[in-house]
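Colleague: okay, predicted coordinates and the sequence, questions at the end:
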Amino acid sequence: MLTKMRENMALVMWILVVAFVATIIFSWGMGGFKGKIKPGIVASIEGRNITMEYFENLIQNAYAAKQNETGEPLTEDQIKEIRQTVWDELLRNTLMDEEIRRLKIPVTDSEVAYAVRNSPPDFIRKHEAFQTDGKFDMSKYQQFLSDPSAARDLMMIESSYRQSMKSQKLIDRIIGTVRISDDEVWEKYLNQNQKIKVSYVLFGLNSVPRDTLAFPDNELRDYYFSHVQDFKDPEKRNLEYVSFSTTPTREDTTSTLDLANEIMDRAREGEDFAKLAAEYSKDKANAENGGDLGFFTRGRMVKEFEDAAFSAKVGELVGPVTTRFGYHIIKVTDRKIENGEEQVRASHILLTVEAGSETTESARKNAFQFAEEAKNGDFRELATVYGVEVNQTDFFPNTGYVPRLGKLQSLCDFAFLQPLGRTSDAYFVRDAYYVFRITDVQNERVKSFDEVKDNISNILSEQQRLETLDKEAQAFGSQIQRPDDFERIAREDSLEIKEVTTPFVFDDYVPGIGRQKAFNGAALRLKEPGDISEPVKLSRGYSVIKLLEKTPVDTTDFNAKKNEIGQQLLMQKRNEAYQAWLTELKDKAKIRDYRYLYYHDF
């Protein structure tokens, strides 16, 4: 068992990390909430209801761990990423636990005891209490295991191992049939190391003019009815919305300018410019250096800043200078001529105009109050009362993207899980609070023939052009009897021969072709210089390839790397098998995700 765990460590490392969390979830985080969704439920996975309280506890623990690791406050993006990671792990662990129960996968007490005694987890190995001279000391760990006061900690470790070992046994069933052959290992080595040079003739779509003749209506209809599944239009929804802006007001601008003048006065009175920059400047990239921008020439800065800096004397303070970035207080520290060009060295303090707390709080309060009143009132009448404009998103599918607002999965979840007419809570997006109402639903449908007629015509036109290119490529290739014919016939037919002068391997980008496996694979299958391929179908045309040079394969190097490549390939195929199984498991599972009711920014 332990040997298998070590062999697949890269695949299951996350199990060891989150297994104890999963055990807790199954013990009390989701117990007793079966059936109808109740308030305070953030999700339902295969009938297991997950409480918002517990989910938030998991997130807070993850926040604390990340902050402890970095030693710095978390950014908004990091917070969102952590929430998503916690959700992904919770979903995965829950589904795997259901499979373990269904398959009745056992783990004996003796297996757990052996693993705990002989293979302590990573967090134990790294704890200073179990180390001597910075290295894990097994004797200290054994002493800990025999200490009666450690019973509670030991139970936690055993619980973690029991769950992770069950998960490992399940994974072993999934990946146990994965095998690799010697031929696969050899092919992988060739793809990574076999380098070639080629020349080629490209028969591209751009070389064939579009057919201006219209296709007969019956031909278009035949294509439509034989490809009707391609013209399915998913369910779409339309939202109307109001927004309460948090953009800076005139008062906010005045307040920022007042602060800039105050800092300017303090600097003139002798306060340390570098300390003022570190405390106040919004140019964080330079604030730690006292706002120092180094030497710069004309044309490197925005005009207003540049004019002020080059007009000042060394040691002079200038400002506040207004640019599109905000207000600058500038101190010129040096000046020189280099290569006949004047250069200035300056430090600055940048104050950006931002919405004040009153502006932000007013927008937030109005948005939340509007959302509450709109749930039992008329959305548009309220908009008139609040003096805000009603806008429309236009119809959009459930892809996680909302027109004009960008990626906002939580809003998509609201739009597609709530009924027509429902009003949302307030959402904060970039620089405003928004409140939405579902105004219209366009059910899943098949687009009509008239809607896609032009599209079908384009498809048939491209097919026709590709058929023409195929014939041209076949005609060119059929005339080649000897290697020299490649160049001669190309000249006679006024075809351009392109040569790839830099040797490339299977996964490389090829100039003029791109990264196309069909081309690279066909080129690598050519054995001797002068060999010429059959026409190769590409994404937008055809190509005929001539091999110019092929580096010999170093069999000694292959034999030295064979086992390593084999292990990498085996791990890759095992991961692919596991991910495919997990994806299928998720697709079949009954998952009800209500996070949008609690989090509006994922």
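Modeller: Thanks, I have the structure now.
Colleague: and stretch 475-493, what's buried?
Modeller: Using 16 or more other C-beta atoms under 10 Å as the test for burial, stretch 475-493 gives 476-477, 480, 485-486, 489-490. C-beta coordinates here come from the backbone N, C-alpha and C atoms, glycine included.
Colleague: also stretch 60-79?
Modeller: Within stretch 60-79, the residues scored as buried using 16+ other C-beta under 10 Å are 62-63, 66, 79.
Colleague: how long is that stretch from one end to the other?
Modeller: 10 Å (C-alpha to C-alpha, to the nearest Å).
Colleague: please apply the same query to stretch 67-80.
Modeller: Stretch 67-80: ends 14 Å apart by C-alpha to C-alpha.
Colleague: next: stretch 134-154.
Modeller: Terminal residues of stretch 134-154 lie 23 Å apart, using C-alpha to C-alpha.
Colleague: L350 - how many residues pack around it?
Modeller: When neighbours are counted by other C-beta atoms under 10 Å, L350 registers 23.
Colleague: what does V116 give?
Modeller: Here the count is done by other C-beta under 10 Å, and V116 has 19 residues near it.
Colleague: what does the model give it for pLDDT?
Modeller: The per-residue pLDDT reported for V116 equals 84.
Colleague: so it makes contact with E158?
Modeller: Yes: counting by C-beta atoms under 8 Å, V116 does reach E158; the two are 5.8 Å apart.
Colleague: for the buried residues of stretch 475-493, which one is nearest E99?
Modeller: If you rank the buried residues of stretch 475-493 by distance to E99 using C-beta to C-beta, G477 comes first, at 52.6 Å.
Colleague: residue nearest the centroid of the chain?
Modeller: By C-alpha atoms, centre = their mean, the mean C-alpha position of the chain lies nearest to E81, the distance being 9.8 Å.
Colleague: tell me the contacts of the closest residue to D531 other than its chain neighbours?
Modeller: Nearest residue to D531, sequence neighbours excluded (C-beta to C-beta, 6 or more residues apart in numbering): L547, at 4.8 Å. By C-beta atoms under 8 Å, 6 or more residues apart in numbering, the residues touching L547 are 196-198, 523, 526-532.
Colleague: of those, which belong to strands?
Modeller: Counted as lying in strands by DSSP state E, out of the contacts of L547, are 196-198.
Colleague: distance to D587 and neighbour count for those residues - can I get that in JSON lines?
Modeller: As requested, those are arranged in JSON lines below (distance: C-beta to C-beta, whole Å; neighbours: other C-beta atoms under 10 Å):
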{"residue": "I196", "distance to D587": "41", "neighbour count": "21"}
{"residue": "K197", "distance to D587": "45", "neighbour count": "18"}
{"residue": "V198", "distance to D587": "42", "neighbour count": "28"}
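Colleague: picking up where we left off before, out of the buried residues of stretch 60-79, which is nearest to D454?
Modeller: I79 (45.8 Å).
Colleague: give me the pLDDT for that closest one.
Modeller: 89.
Colleague: quick one: buried residues of the host helix or strand of it?
Modeller: Taking DSSP states H and E as the definition, I79 sits inside helix 76-103. Within helix 76-103, the residues scored as buried using 16+ other C-beta under 10 Å are 79, 82-83, 86-87, 89-100.
Colleague: can you put the buried residues of stretch 475-493 in JSON lines and add distance to S539?
Modeller: Formatted as JSON lines, the buried residues of stretch 475-493 follow (distance: C-beta to C-beta, whole Å):
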{"residue": "F476", "distance to S539": "20"}
{"residue": "G477", "distance to S539": "20"}
{"residue": "I480", "distance to S539": "24"}
{"residue": "D485", "distance to S539": "27"}
{"residue": "F486", "distance to S539": "23"}
{"residue": "I489", "distance to S539": "25"}
{"residue": "A490", "distance to S539": "22"}
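Colleague: now the stretch 1-150 of the chain, which segments are flagged as low pLDDT?
Modeller: Residue ranges of the stretch 1-150 of the chain with pLDDT under 70: 1-38.
Colleague: returning to that earlier point: just the buried residues of the contacts of L547.
Modeller: Buried members of those, counted by 16+ other C-beta under 10 Å: 196-198, 523, 526, 531-532.
Colleague: can you name every helix or strand that the helix holding I79 contacts?
Modeller: helix 9-24, strand 41-45, helix 52-70, helix 151-175, helix 555-588 (3 or more C-beta pairs under 8 Å, 6 or more residues apart in numbering; DSSP states H and E).
Colleague: nearest to E361, out of these?
Modeller: Going by C-beta to C-beta, the one of those nearest E361 is helix 52-70, 24.2 Å.
Colleague: in terms of secondary structure, what does that closest one contact?
Modeller: Applying 3+ C-beta pairs under 8 Å, 6+ apart, one finds that helix 52-70 contacts strand 41-45, helix 76-103.
Colleague: tell me how the protein divides into domains.
Modeller: 2-177+586-597, 195-208+452-550, 235-247+357-443, 250-351 (automatic domain parsing).
Colleague: what about the shortest one, average pLDDT?
Modeller: Across domain 235-247+357-443, pLDDT averages out at 94.
Colleague: what's the end-to-end length of it?
Modeller: Domain 235-247+357-443 end-to-end distance (C-alpha to C-alpha) = 5 Å.
Colleague: tell me, how many residues neighbour D454?
Modeller: 10.
Colleague: ok, the one 10 residues further on next?
Modeller: Applying other C-beta under 10 Å, we find 15 other residues in the vicinity of Q464.
Colleague: same check, this time on the one 5 residues further on
Modeller: In terms of burial, L469 registers 23 neighbours under the definition other C-beta under 10 Å.
Colleague: how about the contacts made by it?
Modeller: L469 neighbours (C-beta under 8 Å, 6+ apart): 203-205, 207-208, 541-542.
Colleague: one more pass at 6 Å, please.
Modeller: Going by C-beta atoms under 6 Å, 6 or more residues apart in numbering, L469 touches 203, 541-542.
Colleague: could you export these as CSV, including pLDDT and distance to Y594?
Modeller: Compiled in CSV, the contacts of L469 are given as follows (pLDDT from 0 to 100; distance: C-beta to C-beta, whole Å):
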residue, pLDDT, distance to Y594
F203, 96, 54
G541, 95, 49
Y542, 97, 52
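Colleague: buried subset of these?
Modeller: Listed as buried from those are 203, 541-542; burial here means 16+ other C-beta under 10 Å.
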